[in-house]
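> Got a sequence here, can you build the structure:
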Amino acid sequence: MDRVYNGMPAAELPAEGWHKPWSGGNGGNCLEAMKLADGRVAVRQSSDPDGPVLIYTTGEITAFIQGAKAGQADFLLS
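Below you'll find the predicted structure:
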């Protein structure tokens, strides 16, 4: 990997290491995440495994998960 950046094709990242922490009975529409060697987190849509990825810092992903646990993202469900 030469350079990891937001919007890069997921096919440019290793095929191994992706996890589906947010999968469920939703017909295969899952988010997949991979922790990168530098600690950042790559996120992709499982239905488009070669499509673009979003790259988050450890601080960004921590804030998102903690906020979601605290109910700050509940507005997205209604």
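> mind listing the helices for this protein?
Counting by DSSP state H, the chain has helices at residues 58-69.
> got the contact list for the spatially most central residue of it?
For the chain, the residue nearest the mean C-alpha position is Val43 (2.0 Å; CA atoms, centre = their mean). By CB atoms under 8 Å, 6 or more residues apart in numbering, the residues touching Val43 are 31-33, 53-56. C-beta coordinates here come from the backbone N, C-alpha and C atoms, glycine included.
> which stretches of this structure have low pLDDT?
In the predicted model, the chain carries pLDDT under 70 at residues 1-2, 22-28.
> which residues in it form strands?
Counting by DSSP state E, the chain has strands at residues 31-35, 41-45, 54-56.
> ok and the first one relative to strand 41-45, angle-wise?
It refers to strand 31-35. For strand 31-35 against strand 41-45, the angle by axes from the mean of the first three to the mean of the last three CA atoms, to 10 degrees is 160 degrees.
> Can you tell me what sits against strand 31-35?
With CB under 8 Å, 6+ apart as the contact definition, strand 31-35 has outside contacts at 13-14, 17-23, 41-46, 49.
> re earlier: tell me how far the residue nearest to the centre of the chain lies from Lys20.
The gap separating Val43 from Lys20 is 11 Å, by CB to CB, to the nearest Å.
> beta partners of the residue nearest to Leu54 when sequence neighbours are not counted?
Distances taken as CB to CB, 6 or more residues apart in numbering place Val43 nearest to Leu54, at 4.9 Å, with adjacent residues excluded. On the basis of DSSP bridges, Val43 is bridged to Ala33, Leu54.
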